[in-house]
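[1] Quick one, structure for this:
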Amino acid sequence: MSTKHTAKDTKSKIGSLESTLESERHMPAHNSKPVLWGNLTTLMHQQFGGENLNRLAREAKLSPATASRIKAMETSVGIDVLDQLATVFGVEPWQLLHPDLGKSANFSGAASPLAMDLARQLDGLPAGDQQERAFMLASQLMLLANGGADSMPERAPAPIASQDPTKQTPL
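    Okay, here's the model as predicted:
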């Protein structure tokens, strides 16, 4: 068996390698379909109490068949569909494609409409002291609303009534 290579063989192998590299350059580095489905499953469990393709399809304004194909990872998901899915769960479209969506310590599901309203009001204030004071007040009110004696501010001492009836002031 001869191991003699010709220039023609070498050029052929280089051409084949270049062709392979070129085709791989256009292939995605990873498959986002399992990530998308995993994140949708996590979000459905958080907000729907479990996997519910019919509800997902209804709220995202998709056909049930499209929701099923997303689950089976048998379809490409366009930007419009990604936007619709993200809107259902109150997240950004890119978050649905991020592998750590459900594992992130900062992610606890979508913000409620009331939380979003409060955020918009705070964002509407001029930046600086006024916005910071409003945030601190809102934070303190949340502490009070979440209750318990531990979150209550210390009460001022009750006024002590004077022993001299002429020096008593009405309370």
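[2] Just the element for residue 16, please.
    Residue 16 belongs to helix 7-25 when assigned by DSSP states H and E.
[3] CA atoms only: put the helix or strand just after that helix into PDB for me.
    Proceeding N to C from helix 7-25, the next assigned helix or strand is helix 33-48, under DSSP H and E. This file holds the C-alpha atoms of helix 33-48, laid out as PDB (Å, rounded to 0.1, in the frame of the first residue of the first chain):
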ATOM      1  CA  LYS A  33     -35.500  24.700  20.300                       C
ATOM      2  CA  PRO A  34     -35.000  22.600  23.500                       C
ATOM      3  CA  VAL A  35     -34.100  25.800  25.400                       C
ATOM      4  CA  LEU A  36     -37.200  27.500  24.200                       C
ATOM      5  CA  TRP A  37     -39.400  24.600  25.100                       C
ATOM      6  CA  GLY A  38     -37.800  24.200  28.500                       C
ATOM      7  CA  ASN A  39     -38.300  27.800  29.300                       C
ATOM      8  CA  LEU A  40     -41.900  27.700  28.100                       C
ATOM      9  CA  THR A  41     -42.500  24.600  30.300                       C
ATOM     10  CA  THR A  42     -41.000  26.400  33.300                       C
ATOM     11  CA  LEU A  43     -43.200  29.500  32.700                       C
ATOM     12  CA  MET A  44     -46.400  27.500  32.200                       C
ATOM     13  CA  HIS A  45     -45.800  25.700  35.500                       C
ATOM     14  CA  GLN A  46     -45.300  29.000  37.200                       C
ATOM     15  CA  GLN A  47     -48.200  30.800  35.700                       C
ATOM     16  CA  PHE A  48     -50.600  28.100  34.600                       C
END
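[4] Show residues contacting helix 33-48.
    Contacts with helix 33-48, where a contact means Cβ atoms under 8 Å, 6 or more residues apart in numbering, come from 50-52, 55-56, 70-71, 73, 77, 82, 85, 89, 91, 95-99, 101-102, 109-110. Where you see a C-beta, it was placed from the backbone N, CA and C, and this is true even at glycine.
[5] separation between the nearest residue to residue 83 once chain neighbours are set aside and residue 70?
    Nearest residue to residue 83, sequence neighbours excluded (Cβ to Cβ, 6 or more residues apart in numbering): residue 93, at 5.5 Å. To residue 70, residue 93 is 14 Å away according to Cβ to Cβ, to the nearest Å.
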